[in-house]
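Trainee: need the 3D shape of this:
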Amino acid sequence: MITNRRFRASLGFTRPATYLLERSVDGREPSAPIENAASRSGDLLAIHPVLVWSNIGEAVKQWNLQPVNGAKWCKRGFVTDPTSQPASSPSWKSALAIASLALGVRLLSDLETARVPTVRHLVGDAIGYYTWAQRIAAGDWMGSEGFYQAPLYPYVMAVWFRVFGESIWTVRIVQAALGAVGSAMLCLGAGRLWDRRVGITAGIMVALYGPAVYYDGIVQKASLAGFLTCALFAAIAWCMTSRASMPAGLVGLLLGLLSITRENALAWIAVLAAWFLLTRKVEDRRSAGWRPAVAFALGVGVVLIPVGLRNRVVSGEWSWSTFQAGPNFYIGNHRGADGRYQPLRRGHETPEFERSDATKIAQDALGRTLTAREVSRYWMDKGFDEIRADPAGWVRLLARKLLLVLNRYEIADAESLHVHRKSSWTLSVLTRVWHFGTIAPLAAAGMLAAWRTRRRLGVYPAMIATMVAAVAAFYVLGRYRYPIAVLMIPFAARGLFAIVEYARARAWRNLVVPVVVGVVVNVPVQDERRLSALAEMNAGVALAQAGELADATSLFRGALAEHPSSAEGHHNLALALALQGQFAEAVEHYQTALRLEPKLVGVEYNLGVALERIGRAAEALKHYTQAAADDPSDGEARAAVERLSKKEVE
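Mentor: Okay, the predicted model is just below:
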């Protein structure tokens with residue numbers, strides 16, 4: 001029987017002249033009338049510039065007034081940062097309104113993208129997580145192997161299936177709700193650190209952040225990671241204004257959960273542990289650093305220790321999260337890497353092959369059976385060997401990956417924001433106005449404005465920098481850097497007000513860094529048309545696997561028009577044509593795919609099928625033979641060789 005092979009997926013804000021009243025030189029507090037007058041006027045010095053110029057020296061001498069956050073004197077006064085305690089925080093009504101906005105936008109986007117091929121027919125990691133959740137919901141809570149992919153998302157999804165029923169719409173609606181709650185928490189957290197205006201602005205920003213809306217609408221762990229990052233931001237803000245240890249425990253618990261959702265978050269454990277031990281927890285008072293640190297460690301341990309025990313029981317080896325660090329490190333750092341995902345074997349881009357290919361290649365290389373940890377170590381060592389072989393090339397690769405992490409473009413996996421926004425007016429508008437390239441310069445302005453409060457707020461930039469490094473250490477996808485964007489949004493909200501005040505004060509030098517950042521992150525660093533074409537191809541794969549061959553063929557042809565050198569694109573188009581009986585044209589595209597990528601899995605066999613169907617048996621035998629030689633375990637190829645060999649003898 002002739003069969004075809006599968007398709008290949010390819011903080012608060014003060015006005016310009018407001019001062020922070022600190023202790024006077026002799027240690028006494030400023031008098032209440034002066035303090036109250038300052039809080040009532042808010043803009044006292046800006047309203048009375050003549051009074052300021054004539055009396056500023058006396059004011060500084062008498063009250064020890066200090067410009068907040070290292071603001072510089074300019075023609076119209078100081079541009080400042082907020083006081084250590086915000087005058088007002090967002091109310092629960094404001095948070096509820098932001099949650100409602102976020103929920104409405106996400107549900108609208110879900111409705112608009114309901115007919116997107118990769119929503120109707122799951123591909124890549126999405127189908128892997130969905131089927132994993134189905135098994136868990138059916139009772140397989142323990143599993144039989146050590147975790148290779150982060151486990152929290154499918155376990156949470158299984159709970160959703162048990163409570164609300166099993167469907168893609170269950171996932172999309174619950175994730176829309178998580179996005180809404182996360183927006184409210186970010187609003188409250190930013191308001192606690194700064195003031196009401198910054199908090200509300202941050203909440204609106206994340207509610208309308210195009211990639212966040214997109215990630216909340218697809219079957220991907222990025223949605224859960226975004227929610228947990230919002231919660232983590234708010235919990236850290238709570239720690240800064242509380243003397244209790246419970247908030248530190250909550251931070252640890254949330255970070256533990258995030259670490260088994262997005263493994264790169266493990267790098268934040270050291271950052272937050274150091275913060276709890278070495279910095280002030282409450283303004284103007286040092287707490288016993290070990291107490292919150294212990295509470296934090298307990299919170300992390302409550303999550304990671306059971307995961308490690310589970311992995312030990314089912315696989316015989318300890319791992320606090322997953323066993324895929326080694327293969328991922330090699331993929332992102334070998335000498336042919338370009339900073340994005342590449343399969344270990346061309347044509348095996350889906351999760352079902354990732355673990356098996358990594359294991360088989362490692363075992364064949366070492367000539368023995370390997371445990372999951374040994375497989376990971378093999379690929380990690382191989383990656384370091386490649387780095388040592390060409391250190392200069394690796395430095396260039398690392399620089400490229402850093403640019404990819406901080407670039408405006410959302411690098412797609414099997415699913416793409418590019419495809420979704422073609423079906424969604426909501427996503428189309430949001431992603432063109434409010435994206436990573438907009439967040440980054442605003443966040444830079446916000447961080448500069450908060451420079452004098454860096455002892456209190458510095459943990460957030462440290463977390464951002466650590467995650468940038470953690471993502472760049474492997475390979476880059478848009479959803480991997482999503483937690484970075486979430487942490488930057490509150491600073492972007494702060495930066496928005498700072499930029500307005502810089503402009504009012506004509507303090508143009510303060511805008512230099514944000515402008516430079518804006519230019520750097522918005523410069524294209526890759527062929528975006530090619531990546532968009534590959535996204536179209538993956539949508540075609542989803543349709544073809546569901547039997548919608550005519551529509552799939554149309555998408556494949558469109559993708560090849562934009563990216564004619566895609567071997568996977570030619571293979572997919574050929575397979576779609578063959579399944580529609582158009583074998584002659586299919587042969588042409590199979591041959592093109594082989595010229596572009598001789599080792600692409602499945603092409604030799606499928607070309608043999610097409611050639612046999614149009615009567616070119618001798619040529620078909622040649623390609624069947626090559627397919628069997630490339631993969632001795634390929635029973636179908638061996639059977640085809642035997643069948644045609646017998647016909648030649650007869």
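Trainee: now residue 150, what's its secondary structure?
Mentor: At residue 150 the chain is in coil, as set by DSSP: H, G, I helix; E, B strand; the rest coil.
Trainee: got the contact list for it?
Mentor: Residues counted as contacts of residue 150 (C-beta atoms under 8 Å, 6 or more residues apart in numbering) are 221, 260-263, 321-322. For every residue, glycine as well, the C-beta is placed using N, CA and C.
Trainee: averaged pLDDT, the host helix or strand of residue 572. What do you get?
Mentor: Residue 572 belongs to helix 567-579 when assigned by DSSP states H and E. Average pLDDT, helix 567-579: 92.
Trainee: and what of stretch 545-552?
Mentor: On average, stretch 545-552 scores 92.
Trainee: burial count for the residue nearest to residue 579 when sequence neighbours are not counted?
Mentor: Spatial nearest neighbour of residue 579, excluding adjacent residues (C-beta to C-beta, 6 or more residues apart in numbering): residue 549 at 5.7 Å. By other C-beta atoms under 10 Å, 18 other residues sit near residue 549.
Trainee: is it true that residue 549 touches residue 581?
Mentor: No - in terms of C-beta atoms under 8 Å, residue 549 does not count as a neighbour of residue 581; the distance is 10.2 Å.
Trainee: what about the residue nearest to residue 346 when sequence neighbours are not counted, how many neighbours?
Mentor: In this structure, residue 346 finds its nearest non-sequential neighbour in residue 600, 4.9 Å apart by C-beta to C-beta, 6+ apart. Per other C-beta under 10 Å, the neighbour tally for residue 600 reads 21.
Trainee: got it, and residue 238?
Mentor: Residue 238: 19 neighbours (other C-beta under 10 Å).
Trainee: contacting residues for it?
Mentor: Here residue 238 is in contact with 189, 192, 247, 250 (C-beta under 8 Å, 6+ apart).
Trainee: ends of stretch 366-379, how far apart?
Mentor: End-to-end distance for stretch 366-379, by C-alpha to C-alpha, to the nearest Å: 12 Å.
Trainee: need the residues that contact that stretch.
Mentor: With C-beta under 8 Å, 6+ apart as the test, stretch 366-379 has contacts from 145-146, 148, 315-317, 319, 323-327, 329-330, 358-359, 362-363, 365.
Trainee: chain center to it, what's the gap?
Mentor: Remark: stretch 366-379 is offset 29 Å from the chain centroid, using C-alpha atoms, centre = their mean, to the nearest Å.
Trainee: out of the contacts of stretch 366-379, list just those in strands.
Mentor: Among the contacts of stretch 366-379, DSSP state E puts none in strands.
Trainee: any of the residues you listed buried? List them.
Mentor: 146, 148, 315, 319, 323-327, 329-330, 358-359, 362 (16 or more other C-beta atoms under 10 Å).
Trainee: quick one, phi psi at the residue nearest to residue 346?
Mentor: When read as degrees, to the nearest 10, the backbone of residue 600 gives phi -60, psi 120.
Trainee: roughly how far does it sit from residue 570?
Mentor: As judged by C-beta to C-beta, to the nearest Å, residue 600 and residue 570 stand 9 Å apart.
Trainee: how about residue 615?
Mentor: According to C-beta to C-beta, residue 615 stands 22 Å off from residue 570.
Trainee: more crowded one of those two?
Mentor: Ranked by neighbour count (other C-beta under 10 Å), residue 615 and residue 570 place residue 570 first, with 26 against 10.
Trainee: for burial, what's the neighbour tally of residue 386?
Mentor: Neighbours of residue 386 (other C-beta under 10 Å): 18.
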